[in-house]
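>>> quick one, fold the following:
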Amino acid sequence: MIYTLTVDSRSGMYWEHDCIRVIEIDERATLNELHNAIQDAVGFGRDHLYAFYAGRNESNRKVIFGDAESWEEREENYFNISLNQVFPLPKGLMLYYLFDFGDKWIFKIKKSRKLKEPELTVAYPKIIESQGANPEQYPRYNDE
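The predicted structure follows:
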């Protein structure tokens, strides 16, 4: 089945405005594949560590997915945890994606209740809706 996920930028070092992307993705996709889909959707560079967690809000981390002692172990976990293992989340919790532990880009991820059959001619993940411009991961400053 195909999940429809709404990915909403919540904060970050250079966050200035809302950026919402709606992504269709296979339920068997891994958290690493979701990471890549989000990076592509907002035009980021995949050049920092990341984490997925569930909480009541973005600063509350009740469940940390793939938690491990080292980044290598955590990343391996992200290659093995599928979205259908993450969803449904415990009642009252939302999924969050944290990218770049220094700049702290946080995205809230909401799954639609509707599931759909995959279309044979469609390559997933697929962005089906965009609201707002991409956030600037590294803004250029004018030195004048």
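>>> report how many residues lie close to Phe79.
11 (other C-beta atoms under 10 Å). The C-beta positions use only the backbone N, C-alpha and C, and glycine is treated the same way.
>>> and for the one 5 residues further on?
Other residues lying near Asn84 total 13 when counted by other C-beta under 10 Å.
>>> spatially central residue in the protein, please.
With distances taken as C-alpha atoms, centre = their mean, the residue of the chain nearest its centroid is Tyr97 (4.5 Å).
>>> now that one: which helix or strand?
Per DSSP states H and E, Tyr97 falls inside strand 94-99.
>>> direction included, what does that strand pair up with?
Next to strand 94-99 in the sheet, as set by DSSP bridges, lie strand 50-55 (antiparallel), strand 105-111 (antiparallel).
>>> CA atoms only: put that strand into PDB for me.
Output of strand 94-99 as PDB, limited to C-alpha atoms (Å, rounded to 0.1, in the frame of the first residue of the first chain):
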ATOM      1  CA  MET A  94       3.400  12.500  16.000                       C
ATOM      2  CA  LEU A  95       6.400  11.500  13.900                       C
ATOM      3  CA  TYR A  96       9.300  14.000  13.600                       C
ATOM      4  CA  TYR A  97      12.400  14.100  11.500                       C
ATOM      5  CA  LEU A  98      15.400  15.900  12.800                       C
ATOM      6  CA  PHE A  99      18.100  16.800  10.300                       C
END
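>>> no further queries at this time; thank you.
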